[in-house]
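> Using only what follows, build the 3D model:
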Amino acid sequence: ALQRPDLVARLCVADIAPVRYEMEANRAIIEALLAVPETALGDRKEVDSALAASETAIAQGGGGLGNPFVRGFLLQSLQP
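Predicted coordinates:
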């Protein structure tokens with residue numbers, strides 16, 4: 001990119017540590033996302049309510065799906 005900027009339209013630099021992460025919490029979040037009723041997918045508020053009421057959110061308390069900021073981050077990708 002530095003040598004030939006004319007060849008680069010966009011560049012994404014990912015700084016990911018070469019360590020193994022515990023994925024169990026992520027798996028629970030993914031399962032909760034997959035459990036959202038298809039009829040709710042047209043409305044972010046409905047999806048947020050479904051995620052907040054999920055067993056994962058309840059089990060995680062204030063972290064993970066129990067945190068409205070985490071749900072908000074995930075909802076940014078929702079395309080009704």
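
> Out of the helices and strands in the protein, which is least certain?
Here the helix or strand of the chain ranked lowest by mean pLDDT, DSSP states H and E is helix 55-60, holding a mean of 72.

> elements contacting that helix?
Under the contact definition 3 or more CB pairs under 8 Å, 6 or more residues apart in numbering; DSSP states H and E, helix 55-60 sits against helix 24-34. The C-beta positions use only the backbone N, C-alpha and C, and glycine is treated the same way.

> what packs against the helix it packs on?
Packing partners of helix 24-34 (3+ CB pairs under 8 Å, 6+ apart): helix 55-60.

> hang on, the earlier thing: after the least confident helix or strand of the chain, next one along is what?
Sequence-wise, the next helix or strand downstream of helix 55-60 (DSSP states H and E) is helix 68-75.

> Extract the CA atoms of the least confident helix or strand of the chain and return them as CSV.
Output of helix 55-60 as CSV, limited to C-alpha atoms (Å, rounded to 0.1, in the frame of the first residue of the first chain):
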residue,chain,number,x,y,z
GLU,A,55,-31.6,-17.1,28.6
THR,A,56,-28.1,-16.0,27.5
ALA,A,57,-28.8,-12.4,28.5
ILE,A,58,-30.3,-13.5,31.8
ALA,A,59,-27.3,-15.8,32.6
GLN,A,60,-24.7,-13.1,31.6
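
> Please enumerate residues in contact with it?
The contact list for helix 55-60 (CB atoms under 8 Å, 6 or more residues apart in numbering) reads 25, 28, 29, 31, 32, 51, 64, 65, 66, 67, 71.

> Now that we have those, which of them are buried?
Neighbour-count burial within those applies to 28, 29, 32, 51, 64, 65, 66, 71; the criterion is 16 or more other CB atoms under 10 Å.

> isn't the fifth one right up against residue 28?
Yes: here residue 64 lies in contact with residue 28, judged by CB atoms under 8 Å, at a distance of 7.3 Å.

> Pull up the per-residue confidence for residue 45.
What the model reports as pLDDT for residue 45 is 90.

> From the contact counts, what lies against whichever strand or helix holds it?
Secondary-structure assignment from DSSP H and E places residue 45 in helix 44-52. The elements that helix 44-52 packs onto, with contact taken as 3+ CB pairs under 8 Å, 6+ apart, are helix 68-75.
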